[in-house]
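# structural data only, the sequence is not supplied:
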C-alpha cells in the first residue's frame, strides 16, 4: 500500500494562508463581535460550549461527506499528489483534512486574536466564502435578519 504524502497539501495551504485576503464582514465580526464566554457570563449560562457549537460541528461533517464514496477514498489521489482537487469526481465541497488545515492556518494568521470556538467559526466561514459556497452579502443580510429578530424580543 502506498504511503500518503500529506506534507505537500499542508505546505501549500500554509503558504497560501500568507496570501489570504481578509473578508471585510469577518473582520468586522472579529473586531466587534462578542465571544461566548462574555455572553454566557452576562446571561448566567454555565455551559462552556455555545449553543451554536453543535450546529458548527454538524456543518463541518456534512461539508466533508462524499456523495457515495468515503472521504478517505475520494481524497486519496489528492493527498498522494496524483491529482488536482478539481479533478476529483464526487469530492466533497470542503473536505475534512483541507478544512482542518485551513482552520489551523487561518487560526495562526488572520484569526489568531480570536478565542476558540469563535476562531473556528470565522475560519470555516472564511473557507466557505473563499470557495464561493457562501456569499459575503448573503451572510451579512442573514445576520441582519437574525439580529433584528433577536432585538425585537
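In hand now; what should we look at? Quantities reported herein were computed from a predicted structural model and do not represent experimental measurements.
# please enumerate the helices of the chain.
7-17, 24-32, 36-43, 53-64, 71-79, 96-108, 118-130, 136-152 (DSSP state H).
# so what's residue 129 up against?
23, 26, 135, 136, 139 (C-beta atoms under 8 Å, 6 or more residues apart in numbering). Yep, even glycine has a C-beta here, placed from its N, CA and C like the rest.
# hang on, the fourth one packs against residue 21?
I take that to be residue 136. No: between residue 136 and residue 21 there is no contact under C-beta atoms under 8 Å: 11.5 Å.
# just name the most buried of the helices of the chain.
Comparing the helices of the chain on average neighbours per residue, with mean count of other C-beta atoms under 10 Å, the densest one is helix 118-130 at a mean of 20.
# quick one: mean pLDDT over that helix.
Across helix 118-130, the average pLDDT comes to 91.
# quick one, that helix and helix 36-43 angle?
120 degrees (axes from the mean of the first three to the mean of the last three C-alpha atoms, to 10 degrees).
# tilt between helix 118-130 and helix 53-64?
30 degrees.
# now the angle from helix 118-130 to helix 24-32?
Interaxial angle of helix 118-130 relative to helix 24-32 (the same axes, to 10 degrees): 170 degrees.
# please consider this matter closed, and thank you.
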